[in-house]
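> what follows is a predicted structure for the sequence shown.
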Amino acid sequence: MSLSSTLRFSSFLRHNLFLAPSRVSALRPNVTHLLFLSSAPSRRTVVRPVKAKRGAGQEDDGGAGNGSMTAFVKDGSAGGSDGRVVPFELHKEAMDSYMAYALSVLHGRALPDVRDGLKPVHRRILYAMHELGLSSRKPFKKCARVVGEVLGKFHPHGDSAVYDSMVRMAQDFSLRFPLIQGHGNFGSVDADPPAAMRYTECRLEVDFVPNFDNSHKEPSLLPARLPTLLLNGSSGIAVGMATNIPPHNLGELVDVLCALIHNPEASVKYLIEQVLLVSLKSLVVS
C-alpha cells in the first residue's frame, strides 16, 4: 500500500516539475522574505529628487548645462522635511578634490622637504631613535622596537613603510652618507632583502609640533649643516607629481656654498662655472 502511494506521488512530482517548471518558481518562497524575517514593520527609504532653492528672478534652466549634475536626497521618513541640494559642476568638484588630495599627499608623506632633505617618515624615524637614546655611544637595539615607537607615536601607517625607509637610510649604496648606522644584514645592491638589524643616530635640536593625536611632540625639521637634499638625493611618488634627485659630490657642494657665501646673488650658470673651474684645478694638480 505504501509502495503504491510512493510511486503515485513520485509520478505526480515528475509530471509537475519537469513539464511545468514555472509552477515550481511560483510555489518557491521569496529569498528576501526568508532572510529578513522580522516582527517589526519595515522602514523604507524614500529616494526622491529635489531642487535647490533659487533666488527671486532666477529661472530654471532644466539642468542641461555641461558638467551639471543631478543630485538625490535620501529621506528616512515619509513625512520628513525637504532636503537642500547645492548644485555644482562635476569637473570643478573633481578638480578641487583631486588637488586637495594631491597636496595633502605631497606635504604629508610623499616628497622630501627642501630645508632638511627628509620625508616625514625619515624625520620621525630619526627622532624616535633619539627619544630611545640610540646615540652613537649607546649599544644597538632591535629595529622592531624603533618601528613600534614610530608607529605608536608619530606615523600611524603600515610597519613595512617605516621599516623600508629605515633600511634605506642605513644602506651606503642608497645614500652617499647614511643617516643610520646599521648592524646586521641590510640587503645588497642586487636587491637582496634585508634581515634583522640595529640602528643608531645623532642628537637633534629643532622646533617641535604636535603629533597626529596631540599626545606627543615631534620635530618639524631636522638641522642640516649641508643641503642634505642635494647631498643624498631623494625619490618619491605622490599624486600627480614625483621626484627623483640623484646624490651629489660633497666637495662640489661645499664649493658652491662658498661661492654663494661670497656672492649671494650668483646665478646658476656662475655656480656651475665655479664647480667646473675647481674640478679642472684639482685634475691639473693631480
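Perfect, I can see it now.

> give me the nearest residue to residue 251, chain neighbours excluded.
Leaving aside its sequence neighbours, residue 251 sits nearest to residue 278 (C-beta to C-beta, 6 or more residues apart in numbering; 7.9 Å). Where C-beta positions appear, they are placed from N, C-alpha and C, glycine not excepted.

> so what's the one you found up against?
Neighbouring residues of residue 278 by C-beta atoms under 8 Å, 6 or more residues apart in numbering: 251-252, 255.

> out of the residues you listed, which sit inside helices?
251-252, 255 (DSSP state H).

> need the contacts of residue 278 in CSV with pLDDT and neighbour count, can you?
Listed next are those as CSV, based on pLDDT from 0 to 100; neighbours: other C-beta atoms under 10 Å:
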residue, pLDDT, neighbour count
251, 84, 12
252, 85, 17
255, 86, 17
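
> let's verify the residue nearest to residue 251: helix, strand, or coil?
Of the three states, residue 278 takes helix under DSSP: H, G, I helix; E, B strand; the rest coil.

> how far away is it from residue 230?
16 Å (C-beta to C-beta, to the nearest Å).

> any idea which element residue 150 lies in?
Residue 150 is part of helix 143-153, with elements assigned from DSSP states H and E.

> and if you look at residue 243?
strand 242-245.

> same question for that strand, mean pLDDT?
If you average the pLDDT over strand 242-245, you get 83.

> and it, what other elements does it pack with?
If you count contacts as 3 or more C-beta pairs under 8 Å, 6 or more residues apart in numbering; DSSP states H and E, strand 242-245 packs onto strand 234-237.

> one more time with 10 Å, if that's ok
helix 228-232, strand 234-237 (3 or more C-beta pairs under 10 Å, 6 or more residues apart in numbering; DSSP states H and E).

> the longest one packs against which elements?
Okay, so that is helix 228-232. Using 3+ C-beta pairs under 10 Å, 6+ apart: helix 228-232 touches strand 242-245, helix 250-262.

> if we can go back for a sec, what are the buried residues along the helix holding residue 150?
By neighbour count, with 16 or more other C-beta atoms under 10 Å as the criterion, the buried positions of helix 143-153 are 143, 146-147, 149-151, 153.

> closest to residue 112 among the contacts of residue 278?
residue 252 (20.1 Å; C-beta to C-beta).

> what about that closest one, distance to residue 270?
Going from residue 252 to residue 270 by C-beta to C-beta gives 14 Å.

> so what touches stretch 90-109?
For stretch 90-109, the surrounding residues in contact (C-beta atoms under 10 Å, 6 or more residues apart in numbering) are 66-69, 88-89, 110-111, 113, 119-121, 155, 157, 161, 236-241, 243.

> buried subset of the residues you listed?
110-111, 113, 119-121, 155, 236, 238.

> doesn't residue 165 make contact with residue 128?
No. Taking contacts as C-beta atoms under 10 Å, residue 128 lies outside contact range of residue 165: 11.6 Å.

> these two: who's more crowded?
Under the criterion of other C-beta atoms under 10 Å, the comparison of residue 128 against residue 165 puts residue 128 first, with 26 against 20.

> and for the closest residue to residue 188 other than its chain neighbours, the neighbour number?
Excluding the flanking residues, the one nearest residue 188 by C-beta to C-beta, 6+ apart is residue 173, at 7.7 Å. Counted with other C-beta under 10 Å, the neighbours of residue 173 add up to 10.

> how near is residue 173 to residue 117?
18 Å.

> nearest to residue 212, out of the helices and strands packed on strand 242-245?
The nearest among the helices and strands packed on strand 242-245, by C-beta to C-beta, is strand 234-237 at 20.1 Å.

> just the CA atoms of the closest one, as CSV, please.
Taking Å, rounded to 0.1, in the frame of the first residue of the first chain, the C-alpha atoms of strand 234-237 are listed here in CSV:
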residue,chain,number,x,y,z
SER,A,234,65.7,61.6,-2.8
SER,A,235,63.0,59.8,-4.7
GLY,A,236,59.2,59.9,-4.1
ILE,A,237,55.9,59.3,-5.9
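
> show me the contact partners of that strand.
By C-beta under 10 Å, 6+ apart, strand 234-237 touches 105-106, 109-114, 117-119, 122, 168, 174-175, 228, 242-247.

> which intervals of the stretch 151-286 of the chain have sub-threshold pLDDT?
Within the stretch 151-286 of the chain, the stretches with pLDDT under 70 are 196-207, 221-224, 286.

> how many residues are close by the residue nearest to residue 112 when sequence neighbours are not counted?
Leaving aside its chain neighbours, residue 112 sits nearest to residue 234 (4.3 Å; criterion: C-beta to C-beta, 6+ apart). Residues within reach of residue 234, counting by other C-beta under 10 Å, total 21.
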